[in-house]
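*Asks:* quick one, structure for this:
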Amino acid sequence: VYPNVNCIMSRDQVYLEPDPTATPIPEEEPDPTQTDTQTGEYFFPDSDSRYLTDEEVAVYSSDQLELAKNEIYARHGRQFVTQYISDYFNSKSWYQGTIDPDTFDAQQDSIFNEYEMANISKIAEWEERKSGEGN
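*Replies:* This is a model prediction of the structure:
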């Protein structure tokens, strides 16, 4: 069995010099009006650093809002017992579930910042509204 070689190896070390005339291209800022993130990794990527608006939250269904609310918990490492929620967050590259739910829930008053607490309340309020509508 021979390895599949599709490149040429050289003993000479190549030094890449940056082109001094190259202009750095700024990364595109994500569109803040977009309801889903570019990567699909988060519902609200900045829910820990700003207050969400009713308009942003209102576009999601009750089920999506349940996940969006739990996303705030998940960022802090809470594990989930409900299978579909657990499966959803386990599929995310950023999720590290390390704290069992009982321990987490007992300490949540000291875990969340003011933005997160307000956003959890807002999302829960809309989740309740939407579930009443049958969405």
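
*Asks:* list the buried residues for stretch 59-72?
*Replies:* 60, 62, 64-72 (16 or more other Cβ atoms under 10 Å). C-betas here are computed from N, CA, C, even on glycine.

*Asks:* make TSV out of those residues and add secondary structure and pLDDT.
*Replies:* What follows is the buried residues of stretch 59-72, written out as TSV (DSSP: H, G, I helix; E, B strand; the rest coil; pLDDT from 0 to 100):
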residue	secondary structure	pLDDT
Tyr60	coil	95
Ser62	helix	94
Gln64	helix	95
Leu65	helix	96
Glu66	helix	96
Leu67	helix	97
Ala68	helix	97
Lys69	helix	97
Asn70	helix	97
Glu71	helix	97
Ile72	helix	97
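
*Asks:* which pair of those spans the longest distance?
*Replies:* Ser62 and Ile72 (16.7 Å; Cβ to Cβ).

*Asks:* buried sites along the helix or strand hosting Glu125?
*Replies:* Element membership for Glu125, per DSSP states H and E: helix 114-133. Buried residues in helix 114-133, counted by 16+ other Cβ under 10 Å: 115-116, 119-120, 122-123, 126-127, 130.

*Asks:* and stretch 73-93, by the same measure?
*Replies:* 73-76, 78-80, 85-86, 88-89.

*Asks:* sort out for me which of those residues are in helices.
*Replies:* Counting by DSSP state H, the buried residues of stretch 73-93 place 73-75, 85-86, 88-89 in helices.

*Asks:* ok, which pair from the residues you listed is furthest apart?
*Replies:* Greatest spatial distance among these (Cβ to Cβ): Arg75 and Ser86, at 15.1 Å.

*Asks:* mind exporting stretch 51-69 as PDB, just the C-alpha atoms?
*Replies:* In PDB, the C-alpha atoms belonging to stretch 51-69 read as follows (Å, rounded to 0.1, in the frame of the first residue of the first chain):
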ATOM      1  CA  TYR A  51     -31.500  44.300  25.200                       C
ATOM      2  CA  LEU A  52     -33.500  42.400  22.500                       C
ATOM      3  CA  THR A  53     -36.400  44.300  20.900                       C
ATOM      4  CA  ASP A  54     -40.000  43.000  20.600                       C
ATOM      5  CA  GLU A  55     -39.600  43.200  16.800                       C
ATOM      6  CA  GLU A  56     -36.600  40.900  16.900                       C
ATOM      7  CA  VAL A  57     -38.300  38.400  19.200                       C
ATOM      8  CA  ALA A  58     -41.700  38.500  17.600                       C
ATOM      9  CA  VAL A  59     -40.600  36.900  14.300                       C
ATOM     10  CA  TYR A  60     -39.900  33.500  15.900                       C
ATOM     11  CA  SER A  61     -42.400  30.700  16.600                       C
ATOM     12  CA  SER A  62     -43.000  29.500  20.200                       C
ATOM     13  CA  ASP A  63     -40.700  26.400  19.600                       C
ATOM     14  CA  GLN A  64     -37.900  28.600  18.200                       C
ATOM     15  CA  LEU A  65     -38.300  31.000  21.200                       C
ATOM     16  CA  GLU A  66     -37.900  28.100  23.600                       C
ATOM     17  CA  LEU A  67     -34.600  27.300  22.000                       C
ATOM     18  CA  ALA A  68     -33.600  31.000  21.800                       C
ATOM     19  CA  LYS A  69     -34.300  31.300  25.600                       C
END
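
*Asks:* nice, that's everything, thank you.
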